[in-house]
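>>> here is a sequence with its predicted model. Questions after.
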Amino acid sequence: MSSSVHSLFAVGQFVTETRERLYRGMMVMLLITASMSFYMARLAHLQIVQGAEHRQRAEENRIRYIPLPSDRGKILDRNGKLLAANSLSRSLYLWPREQPKERWLTISAKLSTVLKIPKEEILQKLAKVDFNSTSPIRIAKNLSEAALVVLSERTEEFPGIEIRTEFTRDYPNGNLAAHVLGYIGEANQQELEANPRYPLGIKIGKMGIEKMLDNTIGGIWGTRAIEVNAIGEQLRVLKERHPSSGESVRLTLDLELQKTAERALANRRGAVVVLDVKTGAVLAMASGPTFDPNMFARKMTQADWERLQSPDKPLLNRALQGYPPGSTFKIVTSAAAMESDKFAPYSMLATSNYITVGGFRFHEHSGGYGVIGFPKALAYSSNTFFYQMGLELGPEQIFQWGHNLGIGKTTDLELLGLEGGMNGVIPTPKEKREWYGEPWYVGDTVSMAIGQGLVLSSPLELAVMVASIANGGYRVKPHLLADRTNTPATKPVHTGMSPETVAMIRQGLVAVVQKGTARSLNDASIPLTGGKTGTSEVTGQASHSLYVAFGAASKAEIAIAAIVENGGYGSTAAAPIAKQIFATYYKQKQN
């Protein structure tokens, strides 16, 4: 009996163990099946759902598209002398997506030491384009030889970097003609969005001729597609679109006259403009204080930036800004008077110590000159002579002749092509009411007649004004591109002055140099010229010094306008600038 029980117990235990083993086997099979199902589902998701994305990422990691900078065109002066060119340099680029953000933190710290730039600056540039960006970003330009050696010898420490050979803009004459030439810089986000053809990192014109002719000078950038391995080493070039070089341009500027104008201005606040009196070609245009456009081609320092933010506004082109023209404006009043039905070229007026208008005295600057005509009135710059002229003429006629001679919108700044300029202003009574909400007073007319009060003119416009006297009565159209000279677009326009009017004003301007307020130019060191001094009053400060001129008196070829802010009398600061320019011009003609 016991034996039977024992047998039954053994059989039961065997059945139980078999069931347990079967259960465990089934559980293992279920786990294996579940795991395989998970991995198969994951594989299907990666290959089918995300397959296109991953193939694209793999392709992006395998292929790099590198923009190829074009060779920017040269800028030359009228004689083919170099004003702007290019030099080769090397820049460092990072490919953000090739490393995780945490890895870039380590790499940027090492790069900071090699490049001598703050780690934060590198990270800011990376963050600006997003760490997942597939486009490279420039971290440093004009790499030093020492940095190149380190980066080349320790490539394994700097994955995701690339060193490129690029063209750097070079201005061989430093700050010479900076306001005309302008500068280039990397296109910002707004400019990239406005120009979809721009690749990231492209350098474009930001000011002056560089900006005005960017499409011509800049050329067209190319692209190179290269295959790289896992550590970023180039394996082969897959395809390439070569860049197209930019065209060189020739300006009307004369390098030697430009040098003289800037040297004479001596970086003081002010401006100088020199024009060809027959064609309107700009031979020199200087503005002070100036700046060195090369600072935009290198890494700008804090000191550079602070200089550009100076209260003196070195980026401002003062040759195109409005100033009270002072007594140089008496040329306009003379033309208006002689072309009216109230005066003739040989009219005479009595001058005195002052005239009284509306209970106010308007003084002569150095006593009366007796009864005089236009030549002496211009030579000695008589105020009371022109006060009386203005009162007889009225503001509308002076306004009209100011425009005829180039002050205001009759001088086309779009043709010149430089941004940031303004046309002069000669307000009428109607405009004064509209602009200032004030009536026109008789005293406004008196002030207008001698270039004070509300009258403003740019140095460029003053050069156009005096050129119209020098060339026989034609308003020239200032331009900077040599290929525009003697074309319909720049053909001078007759002002409407009669030959007698022109001859009388010209006689007066030559008398200014022979015996008047600019006698310092009549020392036989240069041919006899004509000119007009001006002193414009500035409330609470020293007066501005102005001088306009043409030369030579017998055969005029160039016109000059110069202003020195707070320089005092026109004969003191501005006239000597013109003398130096004349000296350079005639020295060149002799050689």
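It's in.

>>> every contact and neighbour count from this point should use C-alpha atoms.
OK.

>>> low-confidence ranges in the stretch 1-150 of the chain?
Applying pLDDT under 70 to the stretch 1-150 of the chain flags the ranges 1-23, 25, 28, 34-62, 134.

>>> strands of that one, start to end?
63-68, 75-76, 82-94, 137-140 (DSSP state E, counting those that start in this stretch).

>>> what's the most buried one of those?
strand 75-76 (a mean of 22; mean count of other CA atoms under 10 Å).

>>> tell me the strands beside that one, with direction?
In the sheet, strand 75-76 lines up against strand 82-94 (antiparallel), strand 249-250 (parallel) (DSSP bridges).

>>> what residues are up against the residue nearest the centre of the chain?
Residue closest to the mean C-alpha point of the chain, counted by CA atoms, centre = their mean, is Met207 at 2.2 Å. By CA atoms under 8 Å, 6 or more residues apart in numbering, the contact list for Met207 reads 179, 181-184, 418-419.

>>> tell me which of the strands of the stretch 1-150 of the chain lies nearest to Phe360.
Ranking the strands of the stretch 1-150 of the chain by proximity to Phe360 (CA to CA) places strand 82-94 first, at 53.6 Å.

>>> quick one: contacts of that closest one?
71-77, 136-143, 160-173, 181.

>>> how about 6 Å then?
The contact list for strand 82-94 (CA atoms under 6 Å, 6 or more residues apart in numbering) reads 74-76, 136-143, 160-171.

>>> hmm, back to that, with distance to Ile398 added, can I get the strands of the stretch 1-150 of the chain in CSV?
Converted to CSV, these look like this (distance: least, CA to CA, whole Å):
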stretch, distance to Ile398
strand 63-68, 57
strand 75-76, 40
strand 82-94, 41
strand 137-140, 57
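
>>> would you mind measuring from Lys313 to Arg197?
34 Å (CA to CA, to the nearest Å).

>>> between the two, who's got more neighbours?
Lys313 (16 against 10; other CA atoms under 10 Å).

>>> so Gly406 sits in a helix?
No: when classified by DSSP: H, G, I helix; E, B strand; the rest coil, Gly406 is found to be coil rather than part of a helix.

>>> for it, give me its contacts.
Neighbours of Gly406 in contact, by CA under 6 Å, 6+ apart: 461, 464-465.

>>> can you lay out those residues as a markdown table showing secondary structure, distance to Thr529 and neighbour count?
Shown next, in a markdown table, are the contacts of Gly406 (DSSP: H, G, I helix; E, B strand; the rest coil; distance: CA to CA, whole Å; neighbours: other CA atoms under 10 Å):
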| residue | secondary structure | distance to Thr529 | neighbour count |
| --- | --- | --- | --- |
| Glu461 | helix | 20 | 31 |
| Val464 | helix | 17 | 31 |
| Met465 | helix | 16 | 31 |
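
>>> from these, which is closest to Tyr585?
Looking across these and measuring by CA to CA, the closest to Tyr585 is Val464, at 18.5 Å.

>>> need the contact list for the closest one.
Gly406.

>>> got it, and Gly508?
Neighbours of Gly508 in contact, by CA under 6 Å, 6+ apart: 375, 378-379.

>>> and it, which of the three is it?
helix.

>>> so how far is Ala561 from it?
Taken as CA to CA, the span from Gly508 to Ala561 is 17 Å.

>>> my read is Ser543 is in a helix, agree?
No: Ser543 sits outside any helix when classified using three-state DSSP, being strand.

>>> hang on, the earlier thing: pull out the buried members of the contacts of strand 82-94.
By neighbour count, with 16 or more other CA atoms under 10 Å, these hold 74-76, 136-143, 160-164, 166-171 as buried.

>>> ok, so of the contacts of Gly406, who is nearest Ser536?
Glu461 (16.0 Å).

>>> verify the contact between that closest one and Ile407 for me.
Yes: between Glu461 and Ile407 there is a contact under CA atoms under 6 Å: 5.4 Å.

>>> so Arg318 is in contact with Gly288, correct?
No: between Arg318 and Gly288 there is no contact under CA under 6 Å: 7.2 Å.

>>> quick one, which of these two is more surrounded?
Higher neighbour count among Arg318 and Gly288: Arg318, with 28 against 25, using other CA under 10 Å.

>>> mind listing what the more buried one touches?
271, 287.

>>> next one: Asn423 from Ser352, what distance?
35 Å.

>>> which of those two has more residues huddled nearby?
Taking other CA under 10 Å, Asn423 and Ser352 do not tie; Asn423 has more neighbours (21 against 18).

>>> so where's the chain uncertain?
Ranges of the chain meeting pLDDT under 70: 1-23, 25, 28, 34-62, 134, 229-235, 237.

>>> any chance of a markdown table for the strands paired with strand 75-76, columns distance to Phe296?
Formatted as a markdown table, these follow (distance: least, CA to CA, whole Å):
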| stretch | distance to Phe296 |
| --- | --- |
| strand 82-94 | 13 |
| strand 249-250 | 21 |
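
>>> among the ones you listed, which is nearest Gln302?
strand 82-94 (20.7 Å).

>>> just how off-centre is the closest one within its chain?
19 Å (CA atoms, centre = their mean, to the nearest Å).

>>> and what of stretch 356-376?
With CA atoms, centre = their mean, you get 44 Å for stretch 356-376.

>>> what of stretch 446-455?
Using CA atoms, centre = their mean, the distance between the centre of stretch 446-455 and that of its chain works out at 32 Å.

>>> for stretch 538-558, same thing?
In terms of CA atoms, centre = their mean, the centre of stretch 538-558 is set 26 Å apart from its chain centre.

>>> follow-up on the earlier one: out of the contacts of Gly406, who's nearest Thr333?
Proximity of the contacts of Gly406 to Thr333 (CA to CA) peaks at Met465, which lies at 11.7 Å.

>>> check contacts around that closest one.
Contacts of Met465 by CA under 6 Å, 6+ apart are 405-406.

>>> gap between it and Gly424?
12 Å.

>>> ok, now Arg97?
For Arg97, the distance to Gly424 - CA to CA - is 54 Å.

>>> looking at these two, which has the bigger crowd around it?
Taking neighbours as other CA under 10 Å, Arg97 and Gly424 compare with Gly424 leading, 28 against 20.

>>> just checking, that one touches Thr410?
No: Gly424 is not in contact with Thr410 according to CA under 6 Å; the separation is 9.6 Å.

>>> quick one: the strands in the stretch 401-550 of the chain?
Using DSSP E, counting those that start in this stretch, strands in the stretch 401-550 of the chain cover 474-475, 493-494, 529-538, 541-551.

>>> quick one, what contacts Val512?
Going by CA under 6 Å, 6+ apart, Val512 touches 379, 518.

>>> again, but for the one 3 residues further on
Listed by CA under 6 Å, 6+ apart, the contact set of Lys515 is empty.

>>> go again using 10 Å as the cut-off
376, 379-380, 522 (CA atoms under 10 Å, 6 or more residues apart in numbering).
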